[in-house]
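Q: here is the input, now give the coordinates:
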Amino acid sequence: MTHDQRQWDEEPQRVFLLWHSHGKGDGKTDDKLLGVYSSRARAEERWQRALALPGFRDVPEGFLIDEYVVDHDQWAEGFVTATGCE
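A: Got it, this is the predicted structure:
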């Protein structure tokens, strides 16, 4: 079996990103990446520890766990930049 065949036969590797986001009052958000974890359970453990910290405990609804597959494109299209209201 070649490396490429083994790669497709195995379960894809997943990582879990723990984010915290809260509004700053000016229409913008303050986003923080707390960490990248090998399991959802580890991300949730970090979430619980962060709840004891200043700021995070004040905005407990700001947590989010995103799951990603390693070596998989997340954004497959181009982009344009908006330059003002039209």
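Q: quick check: which element contains the residue nearest the centre of the chain?
A: Central residue check for the chain by C-alpha atoms, centre = their mean: the C-alpha nearest the mean position is that of residue 17, 3.4 Å away. When secondary structure is defined by DSSP states H and E, residue 17 falls within strand 14-23.
Q: returning to what we had before: what about the residue nearest to the centre of the chain, distance to residue 25?
A: As defined by C-beta to C-beta, to the nearest Å, residue 17 lies at a distance of 25 Å from residue 25. Any C-beta I mention is one placed from the backbone N, CA and C, and that applies to glycine too.
Q: cool, residue 19 as well?
A: When distances are taken as C-beta to C-beta, residue 19 and residue 25 turn out to be 19 Å apart.
Q: can you tell me the strand partners of the strand holding residue 17 and which way each runs?
A: Note on strand 14-23: by DSSP bridges, its sheet partners are strand 29-37 (antiparallel), strand 63-69 (antiparallel).
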